[in-house]
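Peer 1: Model the following, please.
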Amino acid sequence: MSSTAKTSRLRLIVLQALVFSLFATLLVRLYYVQVVTGDAYSAKAASQSVREVVQQPARGLIVDDMGRPLVTNRKAWVVEIDKNVLAQLADADRTELLQRVAKATKVAVGDIEKALADWNGSRYQPVPIASDVPEAVALAILEQPEDYPAVVAEQQSVRAYPRPFGVNLAHVLGYLSPITGDEYKTARDRDDPSLNATSAVGRAGVEKEYDEWLRGLPGHTSVAVDSLGRPLGDGDSVAAQPGDTLVTSIDARLQSVVEQQLHDAITTARGTYDKVTHKNYVADSGAAVVMEARTGRIVAMASQPTYDPDVWVGGITKKQLKALYSVKDGNPLLQRATQGQFAPGSTWKPIMTTGAITGGMSTDTTLGCTSGLQIGNRWFKNYESESYGQITFARALEVSCDTFFYRVGLHFWDKFGSDPANANAKDPLAAAAKSFGFGSRTGIDLPGEASGRVGDRKWRAAYFDAMRGYYCKLDRSGKADSAFMRKFAHEFCLEGNYFRQGDAANFTIGQGDTMVTPLQLTRAYAAISNGGTLFEPTVGKAVVSEDGTVLKKIKPQVQRHVKVSKKAIDYVDQALLGTPKVGTLAWKFHDFPLDQVKIRGKTGSAEVNGKQSTSWVATFDGDYVVVMMVTQGGTGSGTAGEPVRHIWEALYGVGDDHQPHAKDAAIRGTTPPKGLPTFADDGAILPPASGEKK
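Peer 2: The predicted model follows:
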């Protein structure tokens with residue numbers, strides 16, 4: 001055999017071997033696919049032919065302590081676009097359709113296109129492009145399908161606000177907005193079934209704090225599709241599971257009174273002439289809180305300026321959002337009760353008294369209440385009070401004597417901290433303030449709470465370390481905006497960490513660097529009322545399922561007990577009985593039945609540089625604490641005294657005869673209900689049954 005023939009035969013053998021190997025490989029792969037992994041590929045193929053369309057659940061209700069609805073749901077028309085059908089239209093038809101939809105829904109074409117492009121959900125889920133549209137628009141779309149191919153109009157559940165007794169409560173309730181792309185991605189990474197591309201998420205208030213309970217579980221409907229992804233028909237479906245109901249400690253009837261009285265206080269202040277600034281009070285904001293003294297539960301909470309919670313329903317416009325953040329409009333989104341930070345003024349003095357007595361001063365101590373006091377090169381005046389001579393702590397609290405408390409501050413400064421640069425000097429007054437929870441968040445079940453600050457030596461030193469570079473640079477440059485700022489920057493750069501005698505004096509009357517939230521002050525007075533227990537304030541009372549099963553009871557939580565002596569708390573508790581009787585509140589409470597409703601109180605007028613004074617009134621008895629604050633509102637009793645009295649009258653049903661009547665009280669039985677509302681089988685929510693335990 002020739003060499004050429006041998007070579008050809010060898011090539012044929014190699015080719016046959018190669019072909020055999022290929023067939024063998026294909027057979028092995030076929031066996032693997034059909035036998036070994038056949039079930040897995042069959043399931044995958046089936047999943048590719050079936051898609052799920054999400055059905056949003058009805059969000060849980062929010063009710064007050066009597067079962068009155070504060071937030072419910074209503075049906076609203078939503079216009080959506082099916083991207084699958086839209087993709088099948090010619091470019092010209094698509095453009096014309098989007099313009100027609102934009103005109104009908106009053107949503108810009110650009111916004112519609114952005115919604116379609118940003119859609120994170122299933123391609124088989126219609127994309128919502130307009131919410132809460134008028135029914136006439138929705139019906140026109142449904143009745144003219146030939147004019148609106150790919151457009152769907154359907155009813156969905158949105159938030160509604162029944163407003164029992166006309167309450168607003170926007171800052172406590174909060175609001176919803178659509179889920180963001182990052183949130184949706186996080187939900188998918190966590191395999192969270194309660195969130196999807198069309199979910200609405202709580203952004204503020206209890207809507208945010210209890211979002212996981214309120215949101216429910218979405219349902220879904222299986223949609224069969226062909227190989228090109230075209231829907232063939234609906235398959236199995238799983239019903240959505242409604243969210244749970246949040247029962248709050250808010251009493252709607254009292255809430256309406258508190259909101260009205262805060263509004264009246266601001267309105268009255270704006271009509272009152274300020275002799276200091278020679279114009280009417282600006283009264284640009286305010287807050288009021290009513291708390292159960294022995295549980296920390298919030299019964300009512302109001303903040304001004306406020307906003308209509310309905311503004312968020314169906315989507316908010318840029319103009320509306322800008323107004324909510326507008327400084328000119330008073331920043332309506334800011335919850336003053338928990339996020340606003342203000343100088344407490346003379347309402348700080350009871351806390352200072354407990355610190356002074358715990359720190360070694362006697363309850364029998366007498367100090368001078370003079371018209372003013374020279375400290376260094378500055379004359380410290382007695383802001384509201386006249387001269388009363390030598391008086392006790394109790395009398396100083398009744399008449400709100402500044403110079404008495406200046407002397408208290410100087411006593412401890414001389415005793416422990418005469419070195420102004422010593423940030424670690426002992427300070428019983430600052431220790432008492434921190435023990436009562438000032439300078440830290442209360443832990444209330446509302447997001448975004450501010451911490452305030454205790455403007456003592458330690459804070460001064462920390463602030464100096466943080467800001468020294470800035471002010472020293474400003475001092476060296478000489479480019480401060482005003483002569484005041486140039487002087488301030490120079491002095492701060494040199495001795496900004498010093499805590500001098502004047503600082504110690506100011507600290508005792510709630511001036512200087514100390515800032516508190518109305519909620520912090522309310523809780524501190526509750527601790528005086530209940531003997532020294534500091535609770536974590538709560539708005540939520542329980543979470544209840546749709547069938548009435550109590551899923552979670554939100555019980556009062558003790559944060560700690562204040563570290564001041566029982567003698568000091570008892571002394572202050574008794575001393576503050578005099579304020580409504582013979583002190584700074586007497587002219588507002590002179591005919592109130594104080595022998596039956598034993599109210600304690602303290603007024604305050606906090607001076608603010610460049611602004612009018614902030615009005616404070618803090619009051620309490622054995623059951624409740626009522627605090628009201630109005631910025632740039634004038635004196636405490638003058639602006640807030642009468643409104644606070646009206647709140648107490650509502651609490652105890654005090655009538656024109658100046659006597660309490662339980663049947664007329666805003667809260668049934670004059671104290672909050674011990675149990676939860678009754679959830680009937682027919683879905684109705686009824687007031688709590690009597691005799692239930694907390």
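Peer 1: What pLDDT is listed against T25?
Peer 2: We have a pLDDT of 67 for T25.
Peer 1: Count the residues that sit near T549.
Peer 2: 10 (other Cβ atoms under 10 Å). Yep, even glycine has a C-beta here, placed from its N, CA and C like the rest.
Peer 1: Would you mind measuring from it to L686?
Peer 2: 16 Å (Cβ to Cβ, to the nearest Å).
Peer 1: same check, this time on D573
Peer 2: D573 is 38 Å from L686, by Cβ to Cβ.
Peer 1: between the two, which one's more packed in?
Peer 2: The neighbour count for D573 versus L686, taken as other Cβ under 10 Å, is higher for D573 (19 against 11).
Peer 1: Name the nearest residue to that one, ignoring sequence neighbours.
Peer 2: Leaving out its chain neighbours, the residue that sits closest to D573 by Cβ to Cβ, 6 or more residues apart in numbering is I528, at 5.6 Å.
Peer 1: So what does the one you found look like in phi/psi?
Peer 2: phi -70, psi -40 (degrees, to the nearest 10).
Peer 1: mind listing what it touches?
Peer 2: For I528, the contacting residues are 350, 354, 569, 572-573, 576, 600, 620, by Cβ atoms under 8 Å, 6 or more residues apart in numbering.
Peer 1: Name the member of the residues you listed that has the highest neighbour count.
Peer 2: Result: T354 is most packed of these (other Cβ under 10 Å), 31 neighbours.
Peer 1: residues of stretch 273-290 that come out buried?
Peer 2: Buried positions in stretch 273-290, judged by neighbour count with 16 or more other Cβ atoms under 10 Å: 274, 281-290.
Peer 1: Let's see the distance spanning it from one end to the other.
Peer 2: Taking Cα to Cα, to the nearest Å, the first and last residues of stretch 273-290 lie 29 Å apart.
Peer 1: how near is the residue nearest to D573 to A568?
Peer 2: 10 Å.
Peer 1: among the helices and strands of this protein, which one scores worst on average pLDDT?
Peer 2: helix 38-49 (a mean of 49; mean pLDDT, DSSP states H and E).
Peer 1: Check the gap between I112 and K103 for me.
Peer 2: 11 Å.
Peer 1: do K663 as well
Peer 2: K663 is 58 Å from K103, where distance means Cβ to Cβ.
Peer 1: Which strands and helices lie in contact with the helix or strand M485 falls within?
Peer 2: Per DSSP states H and E, M485 falls inside helix 483-495. Helices and strands touching helix 483-495, by 3 or more Cβ pairs under 8 Å, 6 or more residues apart in numbering; DSSP states H and E, are helix 457-477.
Peer 1: what about the strands in the stretch 401-550 of the chain?
Peer 2: 533-536, 540-544, 550-553 (DSSP state E, counting those that start in this stretch).
Peer 1: Pick the most deeply packed of the ones you listed.
Peer 2: Most buried of those by mean neighbour count (mean count of other Cβ atoms under 10 Å) is strand 540-544; its value is a mean of 23.
Peer 1: Only alpha carbons, please: show it as CSV.
Peer 2: Extracted C-alpha coordinates of strand 540-544, given in CSV (Å, rounded to 0.1, in the frame of the first residue of the first chain):
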residue,chain,number,x,y,z
GLY,A,540,-48.5,53.0,70.0
LYS,A,541,-50.6,50.9,72.5
ALA,A,542,-51.1,47.6,70.6
VAL,A,543,-51.1,45.9,67.2
VAL,A,544,-54.2,44.0,66.4
